[in-house]
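K.L.:
Have a look; sequence and predicted model below, questions after that.
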Amino acid sequence: MKLSLDLELAKSYTSTSQKARVLTEGWVMNEVYCPSCGGPVDNYDNNKPVADFYCKKCIEDFELKSKNGKIGKKVSAGAYSQMIKRISSPEKPNFFFMGYLDTLNVNDFFVVPKHFFVSEMIEERKPLAETARRAGWVGSNILFSKIPKAGQIFYIEDGKEIAKENVLEKWQKTIFLKKVKKADAKGWILDIMNCIDALNKKEFTLADVYSFENDLKVIHPENKNIKPKIRQQLQFLRDKGYLEFVGEGVYKLK
């Protein structure tokens with residue numbers, strides 16, 4: 001996979017934003033494959049409301065968010081109301097995220113499957129000041145801290161390419177989330193996955209996850225039975241092959 005952006009694609013443009021769009025979209029077209037089936041991605045016509053790219057083979061849609069520099073903990077995502085509407089729609093796309101350096105080399109590139117998106121991952125920004133051209137406009141950010149590690153599938157990380165078979169395998173590992181339609185049910189699953197990520201270990205105990213009880217109470221104040229809910233989600237993740245139950249309250253990430 002070539003990591004440098006092709007300057008020739010943008011030589012006829014003068015606008016910095018247009019150059020960035022042409023360079024980053026051109027790179028995706030030339031270098032990126034569909035994480036679902038491994039086939040090539042193609043671009044939609046400009047200003048397509050659904051997405052930027054699609055896979056002809058498995059009909060997955062993708063939207064690209066890119067920035068000059070490291071991606072960090074959040075990325076701008078446009079108008080808040082529109083973003084909430086989009087991720088609530090059955091037609092929402094998967095998202096590609098790219099961070100490129102001043103040298104115009106891609107440093108990070110990953111995909112977040114659409115089945116990982118819930119409204120809690122979208123941060124509402126402060127309205128623009130009255131003196132701004134778009135006074136009162138409310139933007140949004142996508143918070144990566146709310147997305148489990150399993151939902152951030154890297155093609156390139158810190159300038160190093162990840163093997164294609166690993167990308168495809170990671171996509172398939174969480175495909176079961178597509179069938180979870182209720183927002184509350186999905187929210188609980190993702191919260192437990194984030195708790196497991198925070199433990200930062202391959203093998204952990206039920207007691208380890210119980211240590212997040214107070215945090216989960218804050219997120220889900222309506223639920224008065226947090227520990228049984230934790231056990232339920234761990235069992236679900238075990239049944240879906242995300243976890244392995246070792247025995248005596250011990251689990252292992254697969």
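P.N.:
Right, received. Where do you want to start? Numbers count the residues shown, from 1 in each chain.
K.L.:
Same question for the host helix or strand of Gly187: list its buried residues.
P.N.:
Gly187 is part of helix 183-199 when elements are defined by DSSP states H and E. Neighbour counts over helix 183-199 (16 or more other C-beta atoms under 10 Å) mark Lys186, Gly187, Trp188, Ile189, Leu190, Asp191, Ile192, Met193, Asn194, Cys195, Ile196 as buried. (C-beta placed from N, C-alpha, C; glycine too.)
K.L.:
okay if I get the residues you listed as a markdown table plus distance to Phe96?
P.N.:
A markdown table is the format used below for these (distance: C-beta to C-beta, whole Å):
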| residue | distance to Phe96 |
| --- | --- |
| Lys186 | 21 |
| Gly187 | 24 |
| Trp188 | 27 |
| Ile189 | 23 |
| Leu190 | 20 |
| Asp191 | 25 |
| Ile192 | 26 |
| Met193 | 21 |
| Asn194 | 22 |
| Cys195 | 27 |
| Ile196 | 25 |
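K.L.:
could you dump the residues you listed to JSON lines with pLDDT and distance to Val246?
P.N.:
Compiled in JSON lines, the buried residues of helix 183-199 are given as follows (pLDDT from 0 to 100; distance: C-beta to C-beta, whole Å):
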{"residue": "Lys186", "pLDDT": "95", "distance to Val246": "26"}
{"residue": "Gly187", "pLDDT": "94", "distance to Val246": "27"}
{"residue": "Trp188", "pLDDT": "96", "distance to Val246": "23"}
{"residue": "Ile189", "pLDDT": "97", "distance to Val246": "21"}
{"residue": "Leu190", "pLDDT": "97", "distance to Val246": "23"}
{"residue": "Asp191", "pLDDT": "97", "distance to Val246": "22"}
{"residue": "Ile192", "pLDDT": "98", "distance to Val246": "17"}
{"residue": "Met193", "pLDDT": "98", "distance to Val246": "18"}
{"residue": "Asn194", "pLDDT": "97", "distance to Val246": "21"}
{"residue": "Cys195", "pLDDT": "98", "distance to Val246": "18"}
{"residue": "Ile196", "pLDDT": "98", "distance to Val246": "14"}
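K.L.:
ranges for the helices of the stretch 51-200 of the chain?
P.N.:
Applying DSSP state H, counting those that start in this stretch to the stretch 51-200 of the chain gives helices spanning 80-87, 164-173, 183-199.
K.L.:
What distance do you get for the spatially closest residue to Tyr54 that is not a sequence neighbour to Lys114?
P.N.:
Closest residue in space to Tyr54, ignoring its immediate chain neighbours: Asp61 at 5.1 Å, by C-beta to C-beta, 6 or more residues apart in numbering. Relative to Lys114, Asp61 is positioned 8 Å away (C-beta to C-beta, to the nearest Å).
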